[in-house]
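Trainee: Pasting the sequence and the predicted model now:
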Amino acid sequence: MRGTPEDANTQPKGTEGTAAAFLLRKQEEFFRMNSQPQVLRALNDTSASAARSERAQRLSVKWLRIIGICLIVLTVLALGAMLALTRTVVMPIVAGIVIGLIMGPLGDRARRYKVPPGLTYTVLVVGFSAGLMVLASSLMPALDTFSTLVPQIKERLASLSSHFAQGFGAANLFSGAASLSFSGIDQATVIDWAGRAVSLLTPALSQLLIFLFTLILFLAGRDEIRRSVTMSVKGREKRLMLLKTYSNVENRLTDYFVVVSFVNLVLAGLVGLSFFILDVPGPMRWAMMVFLLNFLPVVGPLMIKGALVIYALLFAPTLFDGLMPLLVFFALSLVEANLVTPRVVGTRMTLNPLLVFISVIFWTWLWGFPGAFLAMPFLAIASAVHAEYGKERGPFLPG
């Protein structure tokens, strides 16, 4: 018979004590088993394995970052090598695209005054080509002038070296070195230099044609190119963002170079007028050189000052006649760089002088003299793109 609850309640107390003792023994056995060295060792091995796995994961992430940086460096080196090897074709194409980006918004602005963009682009391209031809035609006679002045340069350099070396007791050494440095330069040597210059102009003419055709075709298909670039990404928001960035890059680039061109034109006019008053030979050539080289911040004015120092030492009739042009240009350049340009351009396209110097040196080494003039547009484009995409990240807070 089954026991009733009353029977269960009336069980002897010895039975309850036996069950409690049994549970106590099981509990002691459980704790004794868990305190065995094998169990503790297993727990320690599990913790050590987890720590090793975490360290291995961190190490793998670190190596992945290193590999990524190495791949980026190798990609940049490969790209630089490709640009250097294909400079004859790539450089004029890139130059045409960059100049097209600068000229493009001018057609849109002329359209507001009911001027067809095609007419605006035609005037700009013809004017740009005419400027290049005038520049080349004005600089070519410099070789003929240099050939006629070789004896005068030899005599002037020997005189300057002797005067400079008198205080060091080495006048014969300096004058001998000066005469040796120019002893092999005669009219035949200058003619040979002119022949080499002509041989260098042959590929330059082909590059000029590539540049002009690229510029014309880019301006003709500008709207289609912008549409293709915009449709290259998916998503309406991304397309709108890319279109906005493309337009802002064009406008900022155009505004910057239009203002800088106007400032350089005024500076070149003042330099040409001042040099004409000071009776400096070739004031128009000096003005053209100032207009072109002043597109290179920091580097361009230094090159002009170096040319003026050479003129003062080798070509000027007296030291006063040589120093006056240098002082005039120094004063005009100081006012332009510190007062006019910052006030007119503002802080929208202000570039770090160190970045400007490195960019000019790099692109000059890679693509020669044309690369020096493309260095500033490249920096301006990079600055405009960074201004569009970098402003969404917010300020950087250290720590």
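Mentor: Received it, and whenever you're ready, just let me know what you need.
Trainee: what sits against Val271?
Mentor: Pro283, Trp286, Ala287, Val290, Val328, Phe329, Leu332 (Cβ atoms under 8 Å, 6 or more residues apart in numbering). For glycine as for every other residue, the C-beta is placed from the backbone atoms N, C-alpha and C.
Trainee: Could you verify my assumption that the first one touches Gly269?
Mentor: Pointing back at Pro283 there. No - the pair Pro283 / Gly269 is not scored as a contact, 10.4 Å apart, by Cβ atoms under 8 Å.
Trainee: Show the buried residues in the contacts of Val271.
Mentor: Pro283, Trp286, Ala287, Val290, Val328, Phe329, Leu332 (16 or more other Cβ atoms under 10 Å).
Trainee: can you list contacts of the strand or helix carrying Arg109?
Mentor: Under the criterion DSSP states H and E, the helix or strand holding Arg109 is helix 87-111. The contact list for helix 87-111 (Cβ under 8 Å, 6+ apart) reads 82-83, 116-121, 124-125, 128, 203, 206-208, 210-215, 218-219, 222, 249-251, 253-254, 257-258, 366-368, 370-371, 374, 377-378, 381.
Trainee: just the contacts of Val271 now: which is nearest Arg239?
Mentor: Val290 (43.7 Å; Cβ to Cβ).
Trainee: That closest one is in what secondary structure piece?
Mentor: Counting by DSSP H and E, Val290 is found in helix 283-293.
Trainee: what's the angle from the helix or strand following that helix to helix 283-293?
Mentor: Following helix 283-293 in sequence order, the next helix or strand is helix 299-314 (DSSP H and E). Angle between the axes of helix 299-314 and helix 283-293 is 150 degrees (criterion: axes from the mean of the first three to the mean of the last three Cα atoms, to 10 degrees).
Trainee: Can you tell me the closest non-neighbouring residue to Met231?
Mentor: Excluding the flanking residues, the one nearest Met231 by Cβ to Cβ, 6 or more residues apart in numbering is Arg239, at 6.9 Å.
Trainee: same deal with Met289?
Mentor: Among residues not flanking Met289 along the chain, Ile304 sits closest, at 6.5 Å (Cβ to Cβ, 6+ apart).
Trainee: Run through the residues that contact that neighbour.
Mentor: Taking Cβ under 8 Å, 6+ apart, one finds Met289, Val290, Leu293, Asn294, Phe329, Ser333 in contact with Ile304.
Trainee: Give me the neighbour count for Gly282.
Mentor: 17 (other Cβ atoms under 10 Å).
Trainee: err, Ala375, not the other one
Mentor: The number of residues packed around Ala375, counting by other Cβ under 10 Å, is 26.
Trainee: And for Lys305?
Mentor: 14.
Trainee: Show the contacting residues for it.
Mentor: Going by Cβ under 8 Å, 6+ apart, Lys305 touches Leu326, Phe329, Phe330, Ser333.
Trainee: Please, where are all the helices along the stretch 51-200 of the chain?
Mentor: For the stretch 51-200 of the chain, applying DSSP state H, counting those that start in this stretch gives helices covering 87-111, 117-139, 141-148, 150-165, 171-183, 187-220.
Trainee: Lowest average pLDDT across those?
Mentor: Among the helices of the stretch 51-200 of the chain, helix 171-183 has the lowest mean pLDDT, at a mean of 46.
Trainee: Which positions within stretch 236-254 qualify as buried?
Mentor: Quick answer for stretch 236-254 (16+ other Cβ under 10 Å): Met241, Leu242, Leu243, Thr245, Tyr246, Ser247, Val249, Glu250, Arg252, Leu253, Thr254.
Trainee: Could I get the average pLDDT for that stretch?
Mentor: Rounded mean pLDDT across stretch 236-254 is 84.
Trainee: repeat for stretch 359-379
Mentor: 84.
Trainee: Tell me which residues are up against it.
Mentor: Counting by Cβ under 8 Å, 6+ apart, stretch 359-379 makes contact with 80, 83-84, 87, 91, 94-95, 98, 101-102, 253, 257, 292, 295-299, 351, 355-356, all of which sit outside it.
Trainee: before we move on, back to that, mind putting the buried ones among the contacts of Val271 into TSV with pLDDT and distance to Ile67?
Mentor: Formatted as TSV, the buried ones among the contacts of Val271 follow (pLDDT from 0 to 100; distance: Cβ to Cβ, whole Å):
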residue	pLDDT	distance to Ile67
Pro283	88	59
Trp286	89	54
Ala287	90	54
Val290	90	49
Val328	92	57
Phe329	93	52
Leu332	92	53
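Trainee: mind giving me the domain split of this protein?
Mentor: 46-85, 88-220, 238-388 (automatic domain parsing).
Trainee: returning to that earlier point: for the helix holding Val290, list the C-alpha coordinates in CSV.
Mentor: Extracted C-alpha coordinates of helix 283-293, given in CSV (Å, rounded to 0.1, in the frame of the first residue of the first chain):
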residue,chain,number,x,y,z
PRO,A,283,61.6,94.2,-69.7
MET,A,284,58.8,92.3,-71.5
ARG,A,285,60.7,89.0,-71.1
TRP,A,286,61.2,89.7,-67.5
ALA,A,287,57.4,90.4,-67.2
MET,A,288,56.5,87.2,-68.9
MET,A,289,58.9,85.2,-66.7
VAL,A,290,57.3,86.8,-63.6
PHE,A,291,53.8,86.1,-64.8
LEU,A,292,54.6,82.4,-65.4
LEU,A,293,56.9,81.6,-62.5
